[in-house]
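Enquirer: predicted model, plus sequence, below.
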Amino acid sequence: MIKYGIDRTTVRWIHNWLSDRTQRVVINGFTSDWKTVSSGVPQGSVLGPLLFNIFINDLDEGVEGTLIKFADDTKLGGVANTREEKERIQNDLDKLEQWAETNRMTFNREKCKVLHLGKKNDNIQYRMGGILLSSSTCEKDLGVLVDHRLNMCDAAAKKANTILGCIKRSIESRSREVIVPLYSSLVRPHLEYCVQFWAPQFKKDIDKLEQVQRRATKMVSGLQTMSYKEWLKDLGMFSLQKRRVRGDMIAVFKYLKGCHSAEGLALFSVAQEGRTRNNGMKIQGSRYRLDIRKNFLTVRAISHWNRLPQEVVGSPSLEIFKERLDRYLSGML
């Protein structure tokens, strides 16, 4: 901790706080003997996550691949087209195992999975600590299910349909005052969680997600004779596709004018004032080689953002931007 600039007084305080701790197990009133705790941090403490992050901060030293850390979740990635690149990934795994051994920790190899991406992937097997790591076609990453095609639509639609089915079986009322709030709070979040990251690009996936909302609105009594667009208008709702556009615009606003403006400078290129028209903050498009790139937020959001009127883009705050954006989107087909 001293290495990271924490003063010695604070370090001594933390040392005293962690020293001479004991613990025991209590089950149904029966207790085990007290045991000395020689490692770890108190669970549920405010300092616990910070101390853990400091402890593992040097985990990526010497690693050549891409290492992403979030609390106790660690992801190692890399391109494996050549024999040298495949060996490099294995060497990185060996370095991680050596780090764990040096720091008296162990990786849970049962939870360590290999996710192969790409159509021509050789599906090479990798080892950790001499044990082969199992391959997986789908893994959950911070709440988002990622499959080998980087498509989360199937999992999201399945989860949302399951919850919608539970609502349909357990709730007798079909009034809009009951169904719409239940759908909005319990079902729709599963269709939109981190959707700016995995937004569907193919029509079959777009329709699969929209079908869930179609089923939900169809449950509302009195709307059966209307079309889906009429249902949404009557209920004051947007289609999921329009909501994704709304989410994209909110994200871009945060990157250009909000709390993430520093990161936005690296993601978007705003045209010079003398060359802008309409909203006064047009984004310049960039060239891309792969067709899949056009579905990235930094590409797909440009045309929508550039069409926004100046009144919306010039909003002084995020909340006002959302209000003006909703009014603008309500007027779109």
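Expert: Here it is on my side, so go on. Numbering: from 1, shown residues only.
Enquirer: just give me the neighbour total for the residue nearest to Val25 when sequence neighbours are not counted.
Expert: Closest residue in space to Val25, ignoring its immediate chain neighbours: Ser32 at 4.4 Å, by CB to CB, 6 or more residues apart in numbering. Where you see a C-beta, it was placed from the backbone N, CA and C, and this is true even at glycine. Ser32: 10 surrounding residues under other CB atoms under 10 Å.
Enquirer: cool, Val245 as well?
Expert: Neighbours of Val245 using other CB under 10 Å come to 19.
Enquirer: from Ile292, how far off is it?
Expert: Distance of Val245 to Ile292, given as CB to CB, to the nearest Å: 19 Å.
Enquirer: show the model's pLDDT score for the residue nearest to Val25.
Expert: Per-residue confidence (pLDDT) for Ser32: 96.
Enquirer: list the contacts for it?
Expert: Ser32 makes contact with Arg24, Val25, Val26, according to CB atoms under 8 Å, 6 or more residues apart in numbering.
Enquirer: how long is stretch 177-187 end to end?
Expert: With CA to CA, to the nearest Å as the measure, stretch 177-187 spans 16 Å from end to end.
Enquirer: which residue sits closest to Arg21, ignoring its sequence neighbours?
Expert: Val37 (4.3 Å).
Enquirer: just Val146 next, same as before
Expert: Val146's closest residue in space is Glu139 (CB to CB, 6+ apart), at 5.8 Å.
Enquirer: in its sheet, what does the host helix or strand of that neighbour sit against?
Expert: Using DSSP states H and E, Glu139 maps to strand 138-141. Applying DSSP bridges to the sheet, strand 138-141 is found paired with strand 144-147 (antiparallel).
Enquirer: in the strand it pairs with, which residues are buried?
Expert: For strand 144-147, the neighbour count (16 or more other CB atoms under 10 Å) marks Leu145, Val146, Asp147 as buried.
Enquirer: which ones are touching the second one?
Expert: Contacts here follow CB under 8 Å, 6+ apart; on that basis Val146 touches Leu115, Cys138, Glu139, Lys140, Met152, Trp198.
Enquirer: where in the stretch 1-150 of the chain is pLDDT low?
Expert: Filtered on pLDDT under 70, the stretch 1-150 of the chain yields the residue ranges 148-150.
Enquirer: the longest helix in this protein is where?
Expert: helix 83-102 (DSSP state H).
Enquirer: which residues sit against that helix?
Expert: By CB under 8 Å, 6+ apart, the list of residues contacting helix 83-102 reads 58-59, 61-65, 67, 74, 76, 78-80, 106-107, 122, 124, 126-129, 133.
Enquirer: for it, buried residues please.
Expert: Lys86, Arg88, Ile89, Asp92, Leu93, Lys95, Leu96, Glu97, Trp99, Ala100.
Enquirer: may I ask which two of those are separated the most?
Expert: The span of those, defined through CB to CB, is set by Lys86 and Ala100 at 21.9 Å.
Enquirer: so Ile68 is in contact with Gly77, correct?
Expert: Yes. Shown here, Ile68 and Gly77 form a contact pair, counting by CB atoms under 8 Å, at 7.4 Å.
Enquirer: quick one: average confidence on stretch 280-287?
Expert: 84.
Enquirer: now do the helices in the stretch 51-200 of the chain.
Expert: Ranges of helices in the stretch 51-200 of the chain, per DSSP state H, counting those that start in this stretch, are 83-102, 153-170, 176-182, 188-192, 195-198.
Enquirer: just send the ones you listed back as TSV, with distance to Gly48 too.
Expert: Output for the helices of the stretch 51-200 of the chain, formatted as TSV (distance: least, CB to CB, whole Å):
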stretch	distance to Gly48
helix 83-102	19
helix 153-170	30
helix 176-182	36
helix 188-192	28
helix 195-198	28
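Enquirer: indicate which one of these is closest to Val212.
Expert: Closest of the helices of the stretch 51-200 of the chain to Val212 is helix 153-170, at 4.7 Å (criterion: CB to CB).
Enquirer: tell me which other helices or strands that closest one touches.
Expert: Contact analysis of helix 153-170 by 3 or more CB pairs under 8 Å, 6 or more residues apart in numbering; DSSP states H and E lists strand 144-147, helix 188-192, helix 203-218 as its packing neighbours.
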